[in-house]
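Novice: Sequence and predicted structure below; questions after.
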Amino acid sequence: MSDSVDAEASVLDRLRGRLEGPNTYGNSLTFWVGFVVVIGLLAAYPQTTDPYTVIQTSRYFALAFLALSLSFIWGYAGVLSFGQVAFFGVAAYTFGIIGLNFSSATGIMAGVVGAVLVGTAVAAVVGYFMFYGGVRDTYVTIMTLVIALVLNTFMAQTAGSEWAVGAAQLGGFNGMDIPSLTLGIGQTGFELERAALYYALLGALVVTYLGLRVLVNSSFGLTMVAIREDEARTKTFGYDVPFIKLVVFTIGGALAAVGGVFYGSWGNYIDPTVFGIAFAALPVVWVSVGGRESLLGALGATVLIERMRTELSSGIGPIGSEWALVIVGGLLLGVILFMPAGVVPTVDDLITQLRSRRTERGQSTNTPEEAVE
Amino acid sequence: MIDAAATPLQLSAPSLGALLFQFLNSFGFIILATVGLAIIFGMMGVINLAHGEFILIGVYGTALTYHAGIPLPLAMVAGVVVTTIFGVIVERTVVRHLYDRLLDSMVATWGLALVISQLLLIVFGSSLDSISTPMGSVSYGPFSSSIYRSIFLPIVAVAVLGGLYVLFTRTEFGVKARATIKDPETARAMGVDTDRMYVSTFAIGSALAGLTGALYAPALGSITPNRGSTFLVEAFVAVVVGGPSVIVGTLSASAVLSVFNATGSFFFGTFIGQMLLLLVAIVALRLLPDGITGYVKDWQQRRRAEQ
């Protein structure tokens, strides 16, 4: 009996060992207890609230993949992309195109795979051109934004009926219909909608978050951070910097693509605004506010900021919906100026400081003052 | 704008003329859209993502004073002044804190861009009345081109670059500004007020953005709060292709890009023209990661080393 408990404990310990490390915030038992409690609360959430809120929350979860994608490449490898929405949108469009042409459950499941593959491949091609071309820093940021903006221009002019792929009309600014996610084989399938979609997204998000934690705390994650801190030195140690950046960027593209598929099937609709400058700004806002070096911060900020935007869309008192973007932009500006690391790292710093002050005070009774310096 | 006649196009004298005017139109546009951004980026390393919105402030300043009954040239001056003042305020409150954090400065100026365009929408509504383009147009064969866009603006664009060249190489201010950018500490030790140089450089960049806005206010058609991004793509691509040297980079990148843009637009429509622009930029980046001027500088250094 006690043997099996020990074995269980050691498995858990080993699991925690993989999930924890210098690259993530929240490396304590308290954190994990809190984590499980929050997941539990989120799982119970649909039972306690109205269907509209559940549907909206599913949207925040779909967008959270975009935040994870940016946090992963910017926070850990120092590659700031303003164009993650490009891979997000490309995947959503691809999913729609495949889904509309092959509307059986098998077709839709193939659409998910195809869409994620296409989004990832686009990221890989863009990444190859940039990183093997020696494009660095601000240039990467500009190029990615330009790619998103050009896709915006391109999709905007596809309103005519000649812009169709099989049965799928691209539709320009009228948008394109997208089927719901369906699990199944042949014609029989289970459509993921409302609460089912919510749970699917919650599960996918938790698995992705934990997977990314393992990744950033692995030796690959350490190399990513080394590149972020000093690219030239990492290269001197014999690491293939362009290749690692390409891998990181491709993983980021895959995450964005997964989010795009969920987002498209959530609304059964996609239009070129996903490539627009206002939408492209949102991931940057979420990740900057939450803390780019914290995956959890990015997730939390996404849900909170998007929730705030939803509330504002009906207006609060004298503040109408048109002020939402002003507030979001102002928030971004304020965080960069006054809290450059973002909320989670700043709060974590404060907690560490408070703790060390407390232990210092405890020690200072029997250590002379000078020793502190 | 050039009204492309019915296809197929023959390479006759009028159509070659039209192609030339299309090139000049695009050349002037890319230079003017880029120059303010390039000054701030080339001298200070800061990418101002609110550049499109700075231009927009120039457009709005010009259009609002013009609609209030002021003659167009004076309204344009007002547009430039408003944008310059705005630029100085932004430098003092936001950008100065971010000189050593370049990626952060991009993110912060993007936040600023969102705020500006949305505030313009809230305050002035979804569009302003357009201003008719002055100077009329020239007709030849089946084509016609706007004199203002295809002749006047390219001349102004080249004159602006010439003026900047003189300012930064021949005046005491220019030397001090370049010294500040190269080595701020030594410049300070030599008695240069570096803080003032940063403000002035940013103010010049903003004034140029304002000038672009003022000049294009009567050439944009409808004036809406999202027109800022019209300028953004061309400006970014030209800065990236041009590389670190401001004046030569802007000039050479604009020339190269507008050849592709004009040819594409002329034969296949403006959309293909813009796609071609991006394609050229991506290929150029793959081959010349530091832009045209970066490559030229490398080549000169290698040749010197060989000698």
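Specialist: Nice, thanks for sending it over.
Novice: C-alpha only now, for contacts and for neighbours.
Specialist: Noted.
Novice: Show me where the chain has its strands.
Specialist: Defaulting to chain A. Secondary structure of chain A, counting by DSSP state E: strands at A:164-165, A:168-169, A:176-177, A:182-185, A:188-191, A:269-270.
Novice: that's the wrong chain, I wanted chain B
Specialist: Listed in chain order (using DSSP E), the strands of chain B are B:137-140, B:143-146.
Novice: on that earlier part again, for chain B, find the nearest of the strands of chain A.
Specialist: Comparing the strands of chain A by their distance to chain B (C-alpha to the nearest C-alpha), the top pick is strand A:164-165, with 17.9 Å.
Novice: Name the strands paired with that closest one and say parallel or antiparallel.
Specialist: strand A:168-169 (antiparallel) (DSSP bridges).
Novice: can I get the strands of chain B in TSV with mean pLDDT?
Specialist: Output for the strands of chain B, formatted as TSV (pLDDT from 0 to 100):
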stretch	mean pLDDT
strand B:137-140	73
strand B:143-146	72
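Novice: My read is that residue A:265 contacts residue A:191, right?
Specialist: No. Using C-alpha atoms under 8 Å, residue A:265 is not in contact with residue A:191; the gap is 10.4 Å.
Novice: okay, and the common contacts of the two?
Specialist: Common neighbours of residue A:265 and residue A:191, using C-alpha atoms under 8 Å, 6 or more residues apart in numbering or on different chains, are A:180-181.
Novice: Comparing those two, which shows the higher neighbour count?
Specialist: Comparing residue A:265 with residue A:191 by neighbour count (other C-alpha atoms under 10 Å in any protein chain shown), the higher total belongs to residue A:265, at 25 against 15.
Novice: Of the strands of chain A, which is nearest residue B:92?
Specialist: When the strands of chain A are compared by C-alpha to C-alpha, strand A:269-270 sits nearest residue B:92, at 40.9 Å.
Novice: Determine the set of other helices and strands touching the closest one.
Specialist: Secondary-structure packing of strand A:269-270 (3 or more C-alpha pairs under 8 Å, 6 or more residues apart in numbering or on different chains; DSSP states H and E): helix A:84-101, strand A:176-177.
Novice: so of these, which one's packed in deepest?
Specialist: helix A:84-101 (a mean of 28; mean count of other C-alpha atoms under 10 Å in any protein chain shown).
Novice: Now residue A:293: closest residue in space, sequence neighbours ignored.
Specialist: In this structure, residue A:293 finds its nearest non-sequential neighbour in residue A:75, 4.4 Å apart by C-alpha to C-alpha, 6 or more residues apart in numbering or on different chains.
Novice: pLDDT weak spots in the stretch 1-150 of chain B?
Specialist: B:1-11, B:141 (pLDDT under 70).
Novice: In it, which residue sits nearest chain A?
Specialist: For the stretch 1-150 of chain B, C-alpha to the nearest C-alpha, closest residue to chain A: residue B:111, 4.1 Å.
Novice: Nearest residue to that residue in space, please, no chain neighbours.
Specialist: Spatially, and ignoring its direct neighbours in sequence, residue B:111 is nearest to residue A:329 (4.1 Å; C-alpha to C-alpha, 6+ apart).
Novice: Quick one: residues contacting the one you found.
Specialist: Residues in contact with residue A:329 (C-alpha under 8 Å, 6+ apart) are A:285, B:110-115.
Novice: Neighbours of the residue of the stretch 51-200 of chain A found nearest chain B, how many?
Specialist: The minimum distance from the stretch 51-200 of chain A to chain B, using C-alpha to the nearest C-alpha, falls at residue A:133 (4.3 Å). Neighbourhood size, residue A:133 [other C-alpha under 10 Å]: 19.
Novice: quick one, what contacts residue B:30?
Specialist: With C-alpha under 8 Å, 6+ apart, residue B:30 has these contacts: B:234-235, B:238, B:254, B:258.
Novice: related to what we said a few turns ago, comparing the strands of chain B, which comes out most buried?
Specialist: The highest mean neighbour count among those belongs to strand B:143-146 (a mean of 19), with neighbours defined as mean count of other C-alpha under 10 Å.
Novice: what does the model give residue A:68 for pLDDT?
Specialist: Per-residue confidence (pLDDT) for residue A:68: 94.
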